[in-house]
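**Student:** Sequence and predicted structure below; questions after.
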Amino acid sequence: MAPDTPELSAQERAGKAFPVSWDQFHRDCRALTWRLNEVGPFHAVIAITRGGLVPAAIVARELGVRVIDTVCIASYDHDKQGDLKVLKSISAETAKLGGGTGKGLLIVDDLVDTGKTGRLVRDMMPDAHFATVYAKPKGKPLVDTFITEVSQDTWIFFPWDTALSFQPPIRDGAA
Ligand SMILES: O=P(O)(O)OC[C@H]1O[C@H](OP(=O)(O)OP(=O)(O)O)[C@H](O)[C@@H]1O
Ligand code: HPA
Ligand SMILES: [Mg+2]
């Protein structure tokens, strides 16, 4: 039975909204690559799916890296964080490139929030370089390179999760 006062989702608790357009996201990924270019070269890019797939494609293209692997983790069910599930790890071939500890590998995700996902992946590859486009304060210490920090009470809306919609004028009570 549904509870009388349903628990607020992480998105509802966040309060503030930070919508990101495709253009903005592409620019931020390129800015991230400028920084990563100073750190590499990297043997392979590893995307944390699914959110890491888009930035990983852009970063890999800009860095000229053609070996791309995934670590598949599910944490948020729409917007509530449940237990982390590792659905797939990196291949034995990629693990070998990283010498077993992840050295020379670049892990990419769209953001760190609480840092739980990042912690899990870092533990798998302690010597890998971990990059995200956005970082919230709780997860920030886990990331080696990121571009934009947003406050913990902000929810980032990515372009692949959103669509254009009509907004009422501000004077009519728009938020
Ligand atoms: O720092 P954390 O609190 O762990 O949150 C960050 C993670 O949450 C989101 O992924 P999600 O599990 O929602 O899956 P998705 O990438 O498939 O959307 C996001 O893409 C990060 O991977
Ligand atoms: O702020 C966020 N936006 C989208 N997905 C997320 N997953 C954790 N935090 C966020
Ligand atoms: Mg994710």
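**Tutor:** Nice, I can see it. Numbering: from 1, shown residues only. Ligands and ions are numbered 1, 2, ... in the order given.
**Student:** Compute the distance between the residue nearest the centre of the chain and H43, please.
**Tutor:** Closest residue to the average C-alpha location of the chain: D110 at 2.3 Å, with CA atoms, centre = their mean. Note on D110: its distance to H43, by CB to CB, to the nearest Å, is 22 Å. Just so you know, the C-beta spots here come from the backbone N, C-alpha and C atoms, and that holds for glycine as well.
**Student:** and I107, that one's in a strand?
**Tutor:** Yes - under DSSP: H, G, I helix; E, B strand; the rest coil, I107 sits within a strand.
**Student:** So which bits of the chain are right by ligand 2?
**Tutor:** Counting by CB under 6 Å from any ligand atom, the positions of the chain adjacent to ligand 2 are 76, 111, 113, 155-156.
**Student:** would TSV of those residues with distance to ligand 1, pLDDT and secondary structure be doable?
**Tutor:** Output for those, formatted as TSV (distance: CB to the nearest ligand atom, whole Å; pLDDT from 0 to 100; DSSP: H, G, I helix; E, B strand; the rest coil):
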residue	distance to ligand 1	pLDDT	secondary structure
Y76	3	67	strand
L111	5	98	strand
D113	3	96	coil
W155	11	97	strand
I156	9	97	strand
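**Student:** And those residues, which is closest to K138?
**Tutor:** Top of the list for closeness to K138, among the residues of the chain next to ligand 2 and by CB to CB, is D113 at 6.9 Å.
**Student:** Would you map the helices across this protein?
**Tutor:** With helices called from DSSP state H, the chain shows them at 10-14, 22-37, 53-63, 92-97, 116-124.
**Student:** what's the least confident stretch among those?
**Tutor:** Here the helices of the chain differ in mean pLDDT, and the lowest is helix 10-14 at a mean of 80.
**Student:** what about it, near ligand 1?
**Tutor:** No - counting by CB under 6 Å from any ligand atom, ligand 1 has no neighbours in helix 10-14; the shortest distance is 8.0 Å.
**Student:** Apart from its neighbours in sequence, what residue is nearest the closest residue to ligand 1 within the chain?
**Tutor:** At 2.7 Å from ligand 1, G51 is the closest residue in the chain, using CB to the nearest ligand atom. The shortest distance from G51 to any non-neighbouring residue, by CB to CB, 6 or more residues apart in numbering, is to D110 (3.7 Å).
**Student:** contacting residues for the residue of the chain closest to ligand 1?
**Tutor:** For G51, the contacting residues are 109-111, 158, by CB atoms under 8 Å, 6 or more residues apart in numbering.
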